[in-house]
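Visitor: sequence first, predicted model second:
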Amino acid sequence: MRRWFDDLPKYADDSSWWPNGTTRCRPEVFLFWLGLPLTIMAYFGLSAFLVLFKGLNQTNMNDYFAFGVWIVVDLAVIALGAGAFFTSFLNYIIGKTELKPIVNAAVLIGFICYTGAILMLGIDIGQPIRGWFGFWHANVHSMLTEVMFCITTYAIVLCIELLPSVLDNRRIGKVPEFGTFSHNLHTIMIVFAAAGTFLSFFHQGSLGGMFGVLYARPFAYRGHLGIWPMTFFLFVMSAIAAGPSFTTMVVMITEKITGKRLTSHKVKMLMGKISGWLLLVYMVCKSVDTLYWAFIYLPSKGLSVGQMYQAPYGSWLVWAELGLFGWLPAILLLTPRVRESYGLLFLAMLLNCIGVTLNRFIFTIQSLALPVMPFEKFFSYLPTWQEWGVASLVLGHGLLIFMLAYRYLPIFPQEPELNQR
Amino acid sequence: MVIDVDKCTGCGACSVACMSENNVGVLEDETEKIRSITWLRVYQIDNGKAFPETEVAFFPRPCMHCQGGASGSPGQAFFQEDTDPQEAHTPCVSVCPAIATDYDDATGIVSQITSRCIGCRYCVAACPYHARYFNWYDVPWPQGTPRGLSPFVSPRMRGVVEKCTFCYPRLQRAKNKAFLGGGKVGEMDYQTACTEACPSGAITFGQLQNPAHKVHKLIQSEFAFRLLEKMGTNPKVYYMSKRKWVRMMADNHLSQAKATQAAASGGHK
């Protein structure tokens, strides 16, 4: 006897939406795995609701730790998302077309990082409804104003940069209007790459400037070049050193999960080499800056470098940031043998990315933990589960967007060729 | 403002008067000091020595109303422009993205526009004196108490930053009175609530640059000092003490790095 549901398809066949020449897992498997980002986002949703409804007392931030894990994650993902602007810059403006196979992925990762950061910032401020005051009543002297303007405009640029990938979907691209629009977008992409480079350069710098201008907080303050504190340039350099590494790492992780080759190893090696050279330049500048700060600036304010590092934020942080996660990955990435090995290249890039995250952590948390008045004491801070929930947004929505994009959009142009049987 | 540390007994009357004057509420759990709001907080410090040589002093700490610029000596030009552009601004004012706080050149008061504040807390991070407070909670005003609030100061809502304003509404009222009376605002026409409340007369308030005002004379003293002078914040609040260790406690000194570290570990009382 035929049952009523026998005529229904076993599962919805979405293969006509897959990128040309690729295969993807069965829809029910895909739907099952979508549960992971959706679970993370549900955790985010609950945390965000509590914070918005009950207020920032749901966090462990206080009048000493005015910034917490959200700002650390924000700064870190914006630095790691710098692969988008820098790879676009190298590909479209410098003409390094060898990077073309990875540009789409870089833009997608940048899009995820920036949208996540903006959403998180919206929850981080005490009066989210007044968020637009920063644009309307803008204080041109504030680094944060510059960050707000540049991040939002750059997020729009990233949407535009991502749009051709969406329009190039096999089914969407068949609509003549979309196809033509996408083609035209490709031809003028250099304009957006230039705009993205300009905007990114300034907000990556301003994020560093945010700390470097705090002249009454000796841990963060730095001397300046022109109107910008040294942290402005250091943050730009560390972001463009870590961004390409992060992009490549995400591609490598995707390769391991899907069991497919998505970009040639040559592209990854090139990204590693670019990261390595930039990291080396950054490490030289950062080391000089640290020495100047420790032995010239701090004594001029009556402070010693020993006072800056107290438990639990001890001097191990310096060695970790500059040594293990700084100089070491720089040397590794500049060693051709390391770049040739898939595993070692991944390791070196991972160290690089941890280094930039640690740097953002130190600038945010350590700066605030350090008492300036001699009779104040050193504080430490641990986030609440609600803070982790909101911070996990980037992971949740990042996984969701990346999974959908990988399944339906031609993000990896080399994939069909590299996976021919 | 000049605060004589040697006269301060740490009674806290100034803090209470400030809270009452400025409608600072009491939170449900005030044991969580790290989140409670005290525009004028009284710090207790000691000389770090064992009994019987122990000495204690109190630092009442309102907002310092920093001007930025060069922190010249009182005898010279104490409000001169700084050539260092990074230090030419009030630390918290220059960082606010929405101009919710401003430095008034006429009065030297750093204002806080709580209805403009977006609650980003960048100013809190910028202030080395911890004089800025974020409203982590809505104040649970007990039934009937809102009727007893001062009508001159708006209570603040959750999610904004607030701080000492040198009782700015009092200046506005003094100006109105002077305007109607056809005169000028005199030294005693505008006094802050903490100044009036201090039973030992430790707090003196007036115009630092006006030779006719008492504070102008007081800051010429060799015992006058400010908190964290080396930072270049150029505060409007001066302290006085004849005890050297108290003056030393007001700033960081390399020679005393170890001693201050030891004191800090037992401090924050």
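Guide: Yep, it's here. Residues are numbered from 1 along each chain as shown, chains lettered A, B, ... in the order given.
Visitor: am I right that B:Tyr133 is in contact with B:Glu162?
Guide: Yes - in terms of CB atoms under 8 Å, B:Tyr133 counts as a neighbour of B:Glu162; the distance is 5.7 Å. No exception for glycine: its C-beta is placed from N, CA and C like everyone else's.
Visitor: which residues do the two both contact?
Guide: Counting by CB atoms under 8 Å, 6 or more residues apart in numbering or on different chains, the contacts common to B:Tyr133 and B:Glu162 are B:37, B:39.
Visitor: neighbour-wise, which of the two wins?
Guide: Set B:Tyr133 next to B:Glu162 and count neighbours by other CB atoms under 10 Å in any protein chain shown: B:Tyr133 wins out with 25 against 22.
Visitor: chain neighbours aside, what residue packs nearest to that one?
Guide: Distances taken as CB to CB, 6 or more residues apart in numbering or on different chains place B:Ile37 nearest to B:Tyr133, at 4.4 Å, with adjacent residues excluded.
Visitor: contacts only, for the one you found.
Guide: B:24-25, B:27, B:133, B:135, B:162.
Visitor: any idea how far the residue nearest to B:Asp104 when sequence neighbours are not counted lies from chain A?
Guide: Among residues not flanking B:Asp104 along the chain, B:Ser111 sits closest, at 6.3 Å (CB to CB, 6+ apart). Separation of B:Ser111 from chain A (CB to the nearest CB, to the nearest Å) stands at 14 Å.
Visitor: so what does the strand or helix carrying B:Ser111 touch, helix or strand wise?
Guide: Element membership of B:Ser111 [criterion: DSSP states H and E] is strand B:110-112. Contacts defined by 3 or more CB pairs under 8 Å, 6 or more residues apart in numbering or on different chains; DSSP states H and E place strand B:110-112 against strand B:101-103.
Visitor: the strand it packs on - what's its average pLDDT?
Guide: For strand B:101-103, mean pLDDT rounds to 92.
Visitor: that older thread, before we move on, what SS does the residue nearest to B:Tyr133 have?
Guide: coil (DSSP: H, G, I helix; E, B strand; the rest coil).
Visitor: mind listing the strands for chain B?
Guide: B:2-4, B:41-46, B:56-61, B:101-103, B:110-112, B:133-134, B:161-162, B:203-204, B:224-225, B:238-240 (DSSP state E).
Visitor: could you verify my assumption that A:Arg170 touches A:Asp14?
Guide: No - between A:Arg170 and A:Asp14 there is no contact under CB under 8 Å: 10.6 Å.
Visitor: which one's more surrounded, the two?
Guide: Shown here are A:Arg170 and A:Asp14; by other CB under 10 Å, A:Arg170 has more neighbours (17 against 14).
Visitor: A:Trp17 versus the more buried one, what's the distance?
Guide: 6 Å (CB to CB, to the nearest Å).
Visitor: can you find the helix or strand of the chain with the lowest average pLDDT?
Guide: No chain in the question, so chain A it is. strand A:224-225 (a mean of 84; mean pLDDT, DSSP states H and E).
Visitor: let me rephrase: I mean chain B.
Guide: That would be, for chain B by mean pLDDT, DSSP H and E, helix B:257-266 at a mean of 49.
Visitor: before we move on, back to that, tell me the helix or strand right after the least confident helix or strand of chain A.
Guide: The helix or strand immediately downstream of strand A:224-225 is strand A:228-229, counting by DSSP H and E.
Visitor: touching that following strand from outside, list them.
Guide: Under the contact criterion CB under 8 Å, 6+ apart, strand A:228-229 has outside partners A:205, A:208-209, A:212-213, A:221-223, B:86.
Visitor: same thing but 6 Å
Guide: Strand A:228-229 is contacted from outside by A:209, A:212-213, A:222, using CB atoms under 6 Å, 6 or more residues apart in numbering or on different chains.
Visitor: residues from the stretch 51-200 of chain B in reach of chain A?
Guide: Residues of the stretch 51-200 of chain B lying close to chain A by CB under 6 Å from any CB of the partner chain are B:86-87, B:91, B:94-99, B:118-122, B:124-126, B:128, B:133-134, B:136-137, B:158-160.
Visitor: low-confidence ranges in the stretch 151-269 of chain B?
Guide: Within the stretch 151-269 of chain B, the stretches with pLDDT under 70 are B:256-269.
Visitor: okay, helices next: where are they in it?
Guide: Using DSSP state H, counting those that start in this stretch, the helices of the stretch 151-269 of chain B run over residues B:168-181, B:193-197, B:214-218, B:244-249, B:257-266.
Visitor: what do you get for the stretch 251-400 of chain A?
Guide: Under the criterion DSSP H, counting those that start in this stretch, helices of the stretch 251-400 of chain A are mapped to A:265-292, A:298-300, A:305-308, A:316-318, A:328-333, A:336-340, A:342-361, A:367-369, A:385-391, A:393-408.
Visitor: secondary structure class for the residue of chain A found nearest chain B?
Guide: Nearest to chain B in chain A, going by CB to the nearest CB, is A:Gly126, at a distance of 2.1 Å. Under three-state DSSP, the three-state class of A:Gly126 is coil.
Visitor: may I have stretch A:374-386 as CSV, with CA atoms only?
Guide: Taking Å, rounded to 0.1, in the frame of the first residue of the first chain, the C-alpha atoms of stretch A:374-386 are listed here in CSV:
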residue,chain,number,x,y,z
PRO,A,374,49.6,54.7,44.1
PHE,A,375,47.1,53.9,46.8
GLU,A,376,44.8,51.9,44.5
LYS,A,377,45.1,48.2,44.1
PHE,A,378,45.5,45.9,41.1
PHE,A,379,42.3,44.3,39.9
SER,A,380,41.5,41.2,37.9
TYR,A,381,38.4,40.3,36.0
LEU,A,382,36.6,37.2,34.8
PRO,A,383,33.6,37.4,32.4
THR,A,384,30.2,36.0,33.3
TRP,A,385,28.5,33.3,31.2
GLN,A,386,26.3,36.1,29.7
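Visitor: please identify the buried residues of it?
Guide: A:374-379, A:381, A:383-384, A:386 (16 or more other CB atoms under 10 Å in any protein chain shown).
Visitor: let me have the strands of chain B in a markdown table, extended by distance to A:Arg130.
Guide: Listed next are those as a markdown table, based on distance: least, CB to CB, whole Å:
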| stretch | distance to A:Arg130 |
| --- | --- |
| strand B:2-4 | 35 |
| strand B:41-46 | 27 |
| strand B:56-61 | 29 |
| strand B:101-103 | 14 |
| strand B:110-112 | 15 |
| strand B:133-134 | 14 |
| strand B:161-162 | 12 |
| strand B:203-204 | 35 |
| strand B:224-225 | 39 |
| strand B:238-240 | 36 |
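Visitor: out of the buried residues of stretch A:374-386, which touch chain B?
Guide: Within these, those near chain B by CB under 6 Å from any CB are A:374-375, A:377.
Visitor: sort the residues you listed by pLDDT and name the bottom one.
Guide: Lowest confidence among these: A:Lys377, with 81.
Visitor: all set, thanks.
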